[in-house]
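Student: give the three-dimensional model of this entry:
(chains A and B)
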Amino acid sequence: MKREIAEHLQLPKDLATGAVTVTASGRNDVMIENYKGILEYTPGKIILQTKECQVEILGEDLLISYYTADEMKISGQIREIVYC
Amino acid sequence: MPGRFIRYFKGYVRIRIDSHLPERFLNLCAFHHIVLWGLTPGSGTDGQVVYEMYMSIRDFFRIRDIVRKTKTKVTVTGHYGMPFFFQKYKSRKLFIPSVCLCVLFIYLLTLFIWQIEISGLERHSPSEILEFLEQEQIRYGMRKSKVDCGYVESSIRAQFPDIVWVAASLEGTNLHIQIKENVENFEQEETPEGTADIVSDDSGTVVEMVTRTGTPMTSVGQQVEAGQVLISGREAHLDDSGTVTGYSEGYADGDIRLQTVLSYEDRFPYEHQVQVPQKRVKRNLTLWIFGKKFQIFSGKPKFPFYKKETTKKTLVIGSSFYLPVVYELTLMREYENHMESYSKEEAKALANENFRRFTEDLAKKGVEIIENNVKIVLMKGECVTTGTLTVIKSTGTHVPMKSLEDTAPGETSPPQGQE
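Tutor: Numbering: from 1, shown residues only, chains lettered A, B, ... in the order given. So this is what the prediction gives:
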């Protein structure tokens, strides 16, 4: 319902539905917005809880460059981004 | 970059958290708008995952409730920033005044001229200009506010007429003077006074001759000897019947080119001395602080043979903040003399190189080589390069004119067929 209204009103989906925004720059940096929290953080895996699903970032030497309530930046050798 | 500066200004800590619920700790921090950065996971002593992260001092005091709620053990592993810097040096009471004094001293240094740089000189030497500036009270160590660049420019132009353009500017503690000289005008020769003949420097055949002033005593194609008068400064006055009625004397002027033969000889032994660098180096250091000389390291090296390299520099911060400290570093590098012998190829190459330099020097003097009969002979013990070169070169030297009484009859008469 929310999605349909947002589509009709041409509102950005991340604002209207709180969808997670994942911006990957190359394979070394990922910027994530609209998440709820961290579920797991190891050098090889970061699992984030978002409103709709979980996002898994898999790779090597993963490092959270900064972490605030709104956004986080993950650096390292990123192999996969999985939505589950 | 500004973010980094603000963090440093406010101060921040690196902490390690050890908890069964580290993710909960992180999420609570985010919920309470506590900014974390440089978050890295690691392993603790009992195999449990621990996290290390940076946070500001202000946020560090806000995590007390979160720590209690998540039963987290927090260890501070490092503290950074200005507040900690001042805390560290709080007990050293003289530190802050010393820093302030240092800043004040540097500020005072910026008020004076500690370098006078002169560029663009070709004929005049920098010391000549500096000497003149010294007379005009423009000197090393004077107040910058007292330097009038316009006055410096006009006074240099007035003192040195051949300097056509001067620009003086203050850059930091450096007075930069750019100069352009009128080289062409300066090179013009003044018209000589008195009387003189032009005599030949060499023996040979005249191949080109231009007479501007005086009477030509030879002509193109004629053989001349060294010392022979080529252009006489004496000109005969003839009446309508062609009889000489008198002479006027002047300064002979003209250009004469001769075809002549030059002999070339160059010989060097195969055995020669070479300088082999050694490891020992003796360093001497001299400082000039506010113009006063201080010899820091001095003395002669203990080894007999050495090469001297000297570097003199003014200390400078950035590109133009020169300080009143000049250092001169002298390196004396030891070498030993060894005897070595040239191989045939090396000797030939060296002989060729010497001959090439000789011909280059001739070319610079305007000598044109038209025939080359020089040969390299590798003899026992030495390499000999010998032979002759047929060249065309300018000749003629001014000599004082002989009086008419000293001149042999017919000596001042021009050759047959010469106008």
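Student: and the stretch 1-150 of chain B, which residues reach chain A?
Tutor: Within the stretch 1-150 of chain B, the positions adjacent to chain A are B:22-23, B:26-27, B:29-31, B:33, B:35-41, B:49, B:51, B:53 by Cβ under 8 Å from any Cβ of the partner chain. (Glycine included, C-beta is placed from N, CA and C.)
Student: filter these down to the buried ones.
Tutor: Applying a neighbour-count criterion of 16 or more other Cβ atoms under 10 Å in any protein chain shown, the buried members of the residues of the stretch 1-150 of chain B next to chain A are B:22-23, B:26-27, B:29-30, B:35-37, B:39-41, B:49, B:51, B:53.
Student: just the ones of those in strands?
Tutor: B:Leu36, B:Trp37, B:Leu39, B:Thr40, B:Pro41, B:Val49, B:Tyr51, B:Met53 (DSSP state E).
Student: next SSE downstream of the helix or strand encompassing B:Val374?
Tutor: For B:Val374, the host element (DSSP states H and E) is strand B:368-378. Later in the chain than strand B:368-378, the nearest helix or strand by DSSP H and E is strand B:382-395.
Student: I'd like the next helix or strand past that following strand.
Tutor: Once strand B:382-395 ends, the next helix or strand along the chain (criterion: DSSP H and E) is strand B:397-400.
Student: how about the helices of chain A, start to end?
Tutor: A:2-8, A:13-17 (DSSP state H).
Student: show me what contacts A:Gly37?
Tutor: Counting by Cβ atoms under 8 Å, 6 or more residues apart in numbering or on different chains, A:Gly37 touches A:Leu48, A:Gln49, B:Glu23, B:Leu26, B:Asn27, B:Ala30.
Student: meant to ask about A:Lys51, not that
Tutor: A:Thr17, A:Gly18, A:Ala19, A:Val20, A:Asn34, A:Lys36.
Student: helix/strand/coil for B:Lys293?
Tutor: Put simply, B:Lys293 is strand when judged by DSSP: H, G, I helix; E, B strand; the rest coil.
Student: show me what residue 55 bridges to in the sheet.
Tutor: Here I'm looking at chain A. On the basis of DSSP bridges, A:Val55 is bridged to A:Leu48, A:Tyr83.
Student: wrong one, I was asking about chain B
Tutor: B:Val13.
Student: for it, give me its contacts.
Tutor: Applying Cβ under 8 Å, 6+ apart to B:Met55 gives the contacts B:Tyr12, B:Val13, B:Ile15, B:Cys29, B:Ile34, B:Val35, B:Leu36, B:Trp37, B:Ile63.
Student: if I look at the last one, how far off is chain A?
Tutor: Meaning B:Ile63. Applying Cβ to the nearest Cβ, to the nearest Å, the value for B:Ile63 to chain A is 13 Å.
Student: the first one now?
Tutor: As for B:Tyr12, its distance to chain A is 12 Å (criterion: Cβ to the nearest Cβ).
Student: measure how buried the closest residue to that residue other than its chain neighbours is and give me the count.
Tutor: On the basis of Cβ to Cβ, 6 or more residues apart in numbering or on different chains, the spatially nearest residue to B:Tyr12 that is not a chain neighbour turns out to be B:Ser56, at 5.0 Å. For B:Ser56, the neighbour count with other Cβ atoms under 10 Å in any protein chain shown is 19.
Student: correct me if wrong: B:Ser56 contacts B:Trp37.
Tutor: No - using Cβ atoms under 8 Å, B:Ser56 is not in contact with B:Trp37; the gap is 9.6 Å.
Student: give me the phi and psi angles of the closest residue to chain A within the stretch 101-250 of chain B.
Tutor: Nearest residue of the stretch 101-250 of chain B to chain A: B:Val103, at 34.5 Å (Cβ to the nearest Cβ). B:Val103 adopts backbone torsions of phi -60, psi -40, taken as degrees, to the nearest 10.
Student: measure it to B:His124 for me?
Tutor: Here B:Val103 is placed at a distance of 40 Å from B:His124 (Cβ to Cβ, to the nearest Å).
Student: now do B:Cys102
Tutor: Distance of B:Cys102 to B:His124, computed by Cβ to Cβ: 40 Å.
Student: ditto for B:Gln222
Tutor: Taken as Cβ to Cβ, the span from B:Gln222 to B:His124 is 45 Å.
Student: so can I have a markdown table of the ones in strands among the buried ones among the residues of the stretch 1-150 of chain B next to chain A showing distance to B:Thr215 and pLDDT?
Tutor: Supplementary listing: these in a markdown table, determined by distance: Cβ to Cβ, whole Å; pLDDT from 0 to 100:
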| residue | distance to B:Thr215 | pLDDT |
| --- | --- | --- |
| B:Leu36 | 103 | 90 |
| B:Trp37 | 98 | 91 |
| B:Leu39 | 102 | 89 |
| B:Thr40 | 101 | 88 |
| B:Pro41 | 106 | 84 |
| B:Val49 | 111 | 74 |
| B:Tyr51 | 107 | 89 |
| B:Met53 | 103 | 92 |
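Student: which per-residue confidence value corresponds to residue 59?
Tutor: Since no chain was named, I'll use chain A. Listed pLDDT for A:Gly59 reads 94.
Student: um, chain B though
Tutor: At B:Asp59, pLDDT is 92.
Student: could you say which helix or strand holds it?
Tutor: According to DSSP H and E, B:Asp59 maps onto helix B:57-60.
Student: now for that helix, which elements pack on it?
Tutor: Secondary-structure packing of helix B:57-60 (3 or more Cβ pairs under 8 Å, 6 or more residues apart in numbering or on different chains; DSSP states H and E): strand B:12-18.
Student: now the strand it packs on: mean pLDDT?
Tutor: Averaged over strand B:12-18, pLDDT sits at 92.
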